[in-house]
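In: Generate a structure from the sequence data that follows.
(chains A and B)
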Amino acid sequence: MKDNKKILDKTGFSLTPDERKETGYIQRLLTALILYAGFSGCIWTVLGLGGIGVNPVPLLVIGCIYCAAFCGFRGRWRVIPILAVIALIVYFYLALSSMSDGWNAVSNQVCQTFEAYLGRILPRYAINGEHVVLSAGMFLATGSAALAILCGRTAQAAGPFSLLSGLLALVLWAAALIFRVPYPPVCAAALIAAAAVLAGLRIPVRSVFYRSGSNGGGNRLLMTIAVLLCISALMSFPLNELNKNADGERRQAARAIDSFRYDAEEDTAPEGDFSRLSEYPSMSDAEFYAARYTGDIYYLRGYVGETYTSDGWVSLEPGRRAEYAGLFSWLHNRGFYAQNQQSVLRDALGRDTEAPVEVSVVNAGAYSKYLYAPYEAAIPDEPDIYRIGDENLLAGGFRGEREYKLILSGGTVSDYELLYNELNNAFGRGDTNAVEYLKSENGYRDFVYENYLEIPEEARSSIQDFLDGFVPPEDGLTFNDAKAIADSYINSLPYSDMPEASYYKGDFITDFLSKSREGNSLQFSTVETLLFRYLGIPARYVEGYILTEDELETAKNGGAVTIRPESLRAWTEIYRDGVGFVPFELDPPELYLHDQMMTDQITEPEPPEDEHSDPHIMLLRILLLVLAVIVILLAAGFAIFAIRRAYIRRHYKRILTITDNSEAVSLTTAYLIWVVSHAGIPYKNGSLHDLCPEFEELFGRDMRQKYAEVIGIQQQAIFSDLVIYDEERAMVTGFLNEVVGLIGKQAGLPRRFRLKWVDCVI
Amino acid sequence: MRRVLLAACIIAAAVLYIFTGALYASLLASAVLVLPCAALALGAMSARGARLSLIIPARIRKGEPARCKLILENCSVVPISLAALRITIKNNLTNKEQELAVALSAAPNKKIEYGFTFESSTCGQYEFICEEFRVVDFLGLRGIRKHVGIKETKVSMPDTFQTYVFLSDANSSLVDGDSSSINKKGPDHTEPLQYRDFVDGDPMNRINYKLSFKHDRLMIADGSQPRKDAYLVLWNGGLSPVGMSPSVPDALAEAFISICSSFVDAGIPYTAAWKSSEPDGITQMEVASRDDMYDVIKGIMGTGGVETQVNEYLRAFGGKHYPGVAYFSYRSQSELGMLNDIGHVTPFICKQENEPADGEGYFFTPGNCRSMLSRVYI
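Out: The predicted structure follows:
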């Protein structure tokens, strides 16, 4: 009122709109409930809260009540949200003693869930009370109420709350992308529906907010969105079938991020990704074999492939790792890290006689993601205590490490058999250190045997075929027997020092073995690893670099070890019980027999030509599917229009069949008026003769005269008892057809389309 | 912003779909494709069937509320999610305007009415203008403009008050002692001839030397023109100074019409003149009865934003003589004295409260208009 007076004084007049009906309470409540259902389902899934054992139904009920309380009451009912908040505060205060245990229980469950996502050990909190589930439920009730308040306020189109909801949706999206959380499709659909309705609720008109819902518009909007969501759901199933390459895309994206982050000077090893072998330069084994004959070789371990897939090697899934969180936590607390297992074993056996030497390593050109370290080494800093899995050493920092130090105290990994025998002897003597070491090693050994013997079914059959159908006995083979079998069969494969890059179709090992493709250590190490696994020996695929004994001696004497790109190599590491993982090399191929190498000139092979890269057909398939859907929708649309046109036009066809001329003339004239209304001659109440000027303007004088005659006949038919002759009826019908023809001729193509298919006039 | 958000949602859905291969990601991807396309298509369909009309009462009275209606008709089979428009209401007298932003939605094949109350405290010519409106789809992605071209003009009549106008007949000074009627002194309303300036070609024997000497220019009695006793009433209230309250032009108009009514009531013909917004110069209208006054009222109500300069009056009325000239405006121009060649000018100047009066004439405010002008001498 005061504003009105001010405007009146300022401008001399005022405008007072009528009271506008805002979005109905029921519509806001429905929107809030849909939003709450979406958010709660997704949050429940991403945090893994189902593992606590709390029944979600009471939480949903509380959420619905608080949604209802915060959907915006008017008038005296505005006190309800205030009462709800007070009730929540009182409840929190009364349940305070249980809140602590509830918080800890929920935190433990969330940590357990995120261990599966991250593959890292997360802390656990002590719970003092006995009723863990009840405490957790009471705590979650508060969270449920808070989420419901957010959803209720968002449905009222309150700005800050809408922003919070948007941020929450963004977090859920990020979690889905990074951790591959399996959200229930129903919850995703609910979130999409709520977002669409909220988008419709908040259509701004420059500075004017609009709240829809007047006169049934909001209900129609909800129905429209529901129909569209159903169509989307139908489309989603074939779309989902198309996207079978998500794992590959993720891997590529991770690789791209690593390339940026860890900044290798030139392309490094493929890190187990054999689907793009053609993109990586072939690495030569010449350096390795040359070094092998001059002294000891030190293997600097980098990437370790733990699980074989059809495209190569990947690390263990975080969810799988999380199952061993407790084991690794226990191992790390005992000071057992598998990366340093050799060093730990030597310490336990008291074997190292030389003083430990600190060696500097310079990683000039390789990925700075790993701390490339020999099996014999220990690093000064303790490895990550929270990491689940000890396959390699990861560098710290965002950009990794290019310079670091290692501690070497003598011995080489090739002495593993000696170490094994010594360990057995020490255990037999009851040596305390050996016993403690073996306690830890036993636990780790279980993990190794549970995870590093797996081979997919297709690869297993290929290996079996490669071994001429050999099936290992159930109680396994001895290590030496397995080694002999592997040796004999591997040497039958064609070896090439720098094989041409190949595109492997389907499963890598099946393709490689069935087509007897050439390979060097990169491909052969995969074959060896799977071979050993098949024969019952845990094995892993490793990519890294080698050091010669001379290089190491230089480093020990105060120099630094520089990792050279040409010393890149892939190998197999097998698990020797009690000792740990050791690198394994089969007999060198004939090309690299000692005498051969001494006398033959090894020429640099030509770099392989780029093969035609595998085209990405997934995107094309998606585009084709979208195009097909659009075509189908268009066809359906045309079919609907055609049926509608036939339905509307049947009225005119019915007129033609009427036997009574008077009735036919009357109906035909009415139809004529309807037709010309679409041509720009709207009929308002009054005499039909009033339309004559418009007729003349639109169709010409002749048509005006004919129209006047037609109206005369129509009036005769309606207002008199005079007979209407067939000629008169034909004249009226003919005039109608003439008008329709003229309208069609005068209209342009778009208008003609509209007149024909939308208005169904012509 | 919405389009940016939609593009971000499409990218996010595509990324999620490509990198997760989950069913819900497929659902999201298909939804971000289907919903916007459907929204645009449905928006276009609803726009085609949207019709708008504005209904204003036939008469708008000053100080009385008038109920107006905006009607949105949806002739399509899809709902109109949002029809957004602005109605501009302008008073052509006071040059004040307001905008009313309206947003409506309508179910299929339905009409919806939006009512608002219009109340004015000033007279004037009110224009209700709505050129176009926008039909927006349910996601707010695109607004389709539809031309509607609504322009309704209504006049809110000014109030009048009783005023006594005393005319100092200039003719008595003009024809002092020179009257056709020898039996009557003073103004002679039967004098048939009008006096005007001498121009080349006029007969020398028609020169009235007494008047010529008095006014220092040759003046003759024009045989072709009957004597005009009509006064001249000039309206220069179109352009009010910046920041002026709308009550000032309202009071000025009231005074103008009231004094003109007094002329009519006294049977004294007069010529009303004003400059409208049309580029036709000064509009003149000879008023002899109340019927003529309605055109005058309509004329002056639409003069908002237009100011007349003195020389324009001189161009329009140069060479003519009037017994008296009443001049209505917001300020007294220094060049007003030049109008004395046409006739004796009596300024009527309306000012805001506490604004100082300068010059000669009648100075009044909206508050004391009636009291100040209850008796005037022209």
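
In: helices and strands of chain B: which one bottoms out on pLDDT?
Out: Taking all helices and strands of chain B together, the one with the lowest average confidence (mean pLDDT, DSSP states H and E) is helix B:170-174, at a mean of 38.

In: Hmm, I typed the wrong one, I wanted chain A.
Out: strand A:208-209 (a mean of 33).

In: which residues in chain A form strands?
Out: In chain order, chain A shows strands spanning A:13-17, A:204-205, A:208-209, A:297-305, A:307-309, A:312-314, A:357-363, A:403-408, A:539-548, A:560-563, A:568-576, A:580-584, with DSSP state E as the criterion.

In: Please name the strands paired to the fifth one in the sheet, noting orientation.
Out: In the sheet, strand A:307-309 lines up against strand A:312-314 (antiparallel) (DSSP bridges).

In: Next: the first one.
Out: Counting by DSSP bridges, the strands paired with strand A:13-17 are strand B:110-120 (antiparallel).

In: Follow the chain on from the helix or strand hosting residue B:36 and name the next helix or strand.
Out: Take DSSP states H and E as the rule and residue B:36 turns out to sit in helix B:23-48. On the C-terminal side of helix B:23-48, the closest following helix or strand by DSSP H and E is strand B:50-55.

In: If you average the pLDDT over that next one, what comes out?
Out: Strand B:50-55 carries an average pLDDT of 91.

In: and the longest helix along chain A, which residues are buried?
Out: Assignment by DSSP state H gives helix A:617-656 as the longest helix of chain A. Along helix A:617-656, the positions that meet the burial threshold by neighbour count (16 or more other C-beta atoms under 10 Å in any protein chain shown) are A:618, A:622, A:625, A:629, A:652, A:655. Using the backbone N, CA and C atoms, a C-beta is placed for each residue, glycine as well.

In: Looking at those residues, which one is closest to residue B:18?
Out: Top of the list for closeness to residue B:18, among the buried residues of helix A:617-656 and by C-beta to C-beta, is residue A:618 at 8.3 Å.

In: Break the chain into its domains for me.
Out: Picking chain A for this. Structurally, chain A divides into domains by automatic domain parsing as follows: A:5-16+A:620-758, A:25-203, A:262-597.

In: my bad, chain B
Out: B:2-47, B:48-156, B:164-182+B:227-377.

In: Now do the contacts for the closest residue to residue A:169 other than its chain neighbours.
Out: Using C-beta to C-beta, 6 or more residues apart in numbering or on different chains and skipping the chain neighbours, the partner closest in space to residue A:169 is residue A:191 (6.5 Å). Applying C-beta atoms under 8 Å, 6 or more residues apart in numbering or on different chains, we find residue A:191 in contact with A:35, A:38, A:39, A:42, A:169, A:172.

In: cool, residue B:368 as well?
Out: Residue B:368 makes no contacts at all, as judged by C-beta under 8 Å, 6+ apart.

In: Pass me the low-pLDDT residue ranges in the stretch 51-200 of chain A, would you?
Out: A:158 (pLDDT under 70).

In: Relative to chain B, which residue of it is the closest?
Out: With distances taken as C-beta to the nearest C-beta, the stretch 51-200 of chain A approaches chain B most closely at residue A:188, which sits 3.7 Å away.

In: Could you double-check that that residue sits in contact with residue B:28?
Out: Yes: taking C-beta atoms under 8 Å as the definition, residue A:188 is a contact partner of residue B:28 at 6.0 Å.

In: ok, the two, which is more surrounded?
Out: Each of residue A:188 and residue B:28 has its neighbours counted (other C-beta atoms under 10 Å in any protein chain shown); residue B:28 has more, 29 against 25.

In: Pull the contacting residues for that one.
Out: For residue B:28, the contact set (C-beta under 8 Å, 6+ apart) comprises A:188, A:192, B:13, B:16, B:17.

In: who's in contact with stretch A:144-154?
Out: When contacts are taken as C-beta under 8 Å, 6+ apart, the neighbours of stretch A:144-154 outside the stretch itself are A:28, A:32-33, A:35-36, A:39-40, A:43, A:59-60, A:62-72, A:84, A:88, A:161-162, A:164-165, A:168, A:198.

In: what about residue A:418, how many residues close to it?
Out: When neighbours are counted by other C-beta under 10 Å, residue A:418 registers 13.

In: center of chain A, which residue is that?
Out: Computing the C-alpha centroid of chain A and ranking residues by C-alpha atoms, centre = their mean puts residue A:177 first, at 4.3 Å.

In: okay but it is in contact with residue B:19, surely?
Out: Yes: between residue A:177 and residue B:19 a contact is recorded at 6.0 Å, counting by C-beta under 8 Å.

In: what residues are shared contacts of the two?
Out: Between them, residue A:177 and residue B:19 have no joint contacts when contacts are counted by C-beta under 8 Å, 6+ apart.

In: low pLDDT regions in the stretch 51-200 of chain B?
Out: Applying pLDDT under 70 to the stretch 51-200 of chain B picks out residues B:168-195.

In: where along it do the strands fall?
Out: Counting by DSSP state E, counting those that start in this stretch, residue ranges of the strands within the stretch 51-200 of chain B are B:66-74, B:80-91, B:96-106, B:110-120, B:124-136, B:143-156, B:164-166, B:193-197.

In: Report the buried residues of the fifth one.
Out: To tie it back to what came earlier, the one meant is strand B:124-136. Neighbour count says strand B:124-136 has B:124, B:125, B:126, B:127, B:128, B:129, B:130, B:133, B:134, B:135, B:136 buried, by 16+ other C-beta under 10 Å.

In: Please give me every residue in contact with the fourth one.
Out: If you count contacts by C-beta under 8 Å, 6+ apart, residue B:127 has them with B:88, B:89, B:90, B:92, B:151, B:152, B:153.

In: where exactly do the helices run in the stretch 351-500 of chain A?
Out: Using DSSP state H, counting those that start in this stretch, the helices assigned to the stretch 351-500 of chain A run over residues A:416-429, A:432-451, A:457-466, A:479-490.

In: quick check: mean pLDDT across the first one?
Out: Just to be clear, that refers to helix A:416-429. In this model, helix A:416-429 has a mean pLDDT of 84.

In: And the contacts of it?
Out: With contacts defined as C-beta under 8 Å, 6+ apart, helix A:416-429 is touched by A:342, A:345-346, A:348-349, A:351, A:433-435, A:437-438, A:576-579, A:582.

In: Including neighbour count and distance to chain A, could the contacts of residue B:127 go into TSV?
Out: Putting those into TSV (neighbours: other C-beta atoms under 10 Å in any protein chain shown; distance: C-beta to the nearest C-beta, whole Å) gives the following:
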residue	neighbour count	distance to chain A
B:88	14	11
B:89	25	7
B:90	22	10
B:92	23	12
B:151	12	17
B:152	15	14
B:153	15	14
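
In: Make a markdown table out of those residues and add distance to residue A:377.
Out: As requested, the contacts of residue B:127 are arranged in a markdown table below (distance: C-beta to C-beta, whole Å):
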| residue | distance to residue A:377 |
| --- | --- |
| B:88 | 83 |
| B:89 | 86 |
| B:90 | 88 |
| B:92 | 94 |
| B:151 | 90 |
| B:152 | 92 |
| B:153 | 95 |
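
In: now, among those, which is nearest to residue A:560?
Out: The closest of the contacts of residue B:127 to residue A:560 turns out to be residue B:88 (C-beta to C-beta; 80.5 Å).

In: Who is the closest residue to the closest one other than its chain neighbours paired with across the strands?
Out: The spatially closest residue to residue B:88, leaving aside those adjacent along the chain, is residue B:129, at 4.5 Å (C-beta to C-beta, 6+ apart). Under the criterion DSSP bridges, residue B:129 forms beta bridges with residue B:88, residue B:151.

In: my guess is residue B:129 contacts residue B:85, does it?
Out: No: taking C-beta under 8 Å as the definition, residue B:129 is not a contact partner of residue B:85, at 10.9 Å.

In: So which residues make contact with stretch A:460-471?
Out: Contacts with stretch A:460-471, where a contact means C-beta under 8 Å, 6+ apart, come from A:455, A:485, A:489, A:507, A:509, A:510, A:513, A:514, A:527, A:530, A:531, A:534.

In: Disregarding residues adjacent in the polypeptide, which is nearest to the first one?
Out: What it means is residue A:455. residue A:533 (5.2 Å).
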